[in-house]
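Novice: I would like to see how this sequence folds:
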Amino acid sequence: MKIVVVGGTGLIGSKLVTKLGEQGHEAVAASPNTGVNTLTGEGLADAVAGAQVVIDVSNSPSFEEAAVLEFFQTSTRNLLAAEAAAGVGHHVALSVVGTERPPGNAYFRAKIAQEKLIEESSIPYSLVHATQFFEFVRRIADDATDGDKVRMAPVLFQPMAGDDVAEAVGRTAVGSPLNGMVEVAGPEQFRMDEFFRDALASWGDPREVVTDPHAHYFGAELLERSLVPDDDAVLGQIRYRDWPGRNAATK
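Specialist: Predicted coordinates for the structure are as follows:
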């Protein structure tokens, strides 16, 4: 089966291309690095020609409100139009657990707009809502940094490994379209402030993690369950303490 992975040279996309190829599928990486640009439409028609499934794991280069909204709306419209013309039978998109719950930030609002376009299109679809990736915990800490302090809310947090995200998305892609959403998450829940206090200590990071119920997460305050899935979520296998990149020096 030909499966096109939009964002196929990125963190999750490259893992997907490898996993799907190992399963015997024709997995095609589509990204600006391979001559495919979903914002301009360049290379899209050729990339999706003959594809049975298209997986969109692309991401906006900017989280600024107008830019992130423009990225997801424009790229999704262009992608869906190319898929409709090519007769693609299954559109799979990676999104985030909690996008539909208040309070939202600019990124979540942009993802909601993307999902609305997918739901209203004629193409059968599946949405995979994942929790935060282990690979991005340093970025989360950096965004929450105020001087030498990292302000974190004491809310529930259930991150997952990129490998588990790719596994879940790939499994969804080769199945029948859900015409709905599935949630995936890590195997353990933490308190967000406690998780980052332990994580920074393991990195040898001198910043102090301060528990702050009003701390912002990329522009919005969090409720207790803003970032964690419902009870029927599919859980990954890799625990943070066992993840090979846990103590990596690079961000």
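
Novice: residue ranges for the strands of this structure, please.
Specialist: 2-6, 26-30, 53-56, 90-96, 125-130, 145-146, 149-152, 156-157, 180-185, 190-191, 208-211, 216-217, 220-221, 234-235 (DSSP state E).

Novice: burial count for the nearest residue to Ala168 once chain neighbours are set aside?
Specialist: Excluding the flanking residues, the one nearest Ala168 by C-beta to C-beta, 6 or more residues apart in numbering is Val184, at 4.2 Å. Any C-beta I mention is one placed from the backbone N, CA and C, and that applies to glycine too. Val184 sits with 23 neighbouring residues when counted by other C-beta atoms under 10 Å.

Novice: how much space separates Val184 from Arg77?
Specialist: The gap separating Val184 from Arg77 is 26 Å, by C-beta to C-beta, to the nearest Å.

Novice: try Gln132
Specialist: In terms of C-beta to C-beta, Gln132 sits 27 Å off from Arg77.

Novice: the more surrounded of these two?
Specialist: Set side by side, Gln132 and Arg77 show more neighbours around Gln132, with 21 against 15, by other C-beta under 10 Å.

Novice: where does the protein have low pLDDT?
Specialist: 102-104, 248-251 (pLDDT under 70).

Novice: again, only using 80
Specialist: 101-104, 247-251 (pLDDT under 80).

Novice: so which elements touch the longest helix seen in the chain?
Specialist: Criterion DSSP state H: the longest helix present in the chain is helix 65-86. Counting contacts by 3 or more C-beta pairs under 8 Å, 6 or more residues apart in numbering; DSSP states H and E, helix 65-86 is packed against helix 44-48, strand 53-56, strand 90-96, helix 106-120.

Novice: and the ones you listed as CSV, adding mean neighbour count?
Specialist: Listed next are the helices and strands packed on helix 65-86 as CSV, based on neighbours: other C-beta atoms under 10 Å:
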stretch, mean neighbour count
helix 44-48, 20
strand 53-56, 28
strand 90-96, 24
helix 106-120, 18
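
Novice: what's the closest of these to Arg139?
Specialist: helix 106-120 (12.2 Å; C-beta to C-beta).

Novice: ok so, going back, return the most buried member of the strands of the chain.
Specialist: strand 53-56 (a mean of 28; mean count of other C-beta atoms under 10 Å).

Novice: follow-up on the earlier one: looking at the strands of the chain, which is nearest to Gln114?
Specialist: Ranked by C-beta to C-beta, the member of the strands of the chain that lies closest to Gln114 is strand 90-96, at 6.8 Å.

Novice: run the chain-centre distance for that closest one.
Specialist: 9 Å (C-alpha atoms, centre = their mean, to the nearest Å).

Novice: give me the contacts around that strand.
Specialist: Strand 90-96 is contacted from outside by 12, 52-57, 76, 79-80, 83, 107-108, 111, 114-115, 118, 121, 123-132, 165, 169, 172-173, 176-177, 181, using C-beta atoms under 8 Å, 6 or more residues apart in numbering.

Novice: isn't Ile123 up against Ala86?
Specialist: No. Proximity of Ile123 to Ala86 does not meet the contact threshold set by C-beta atoms under 8 Å, at 10.1 Å.
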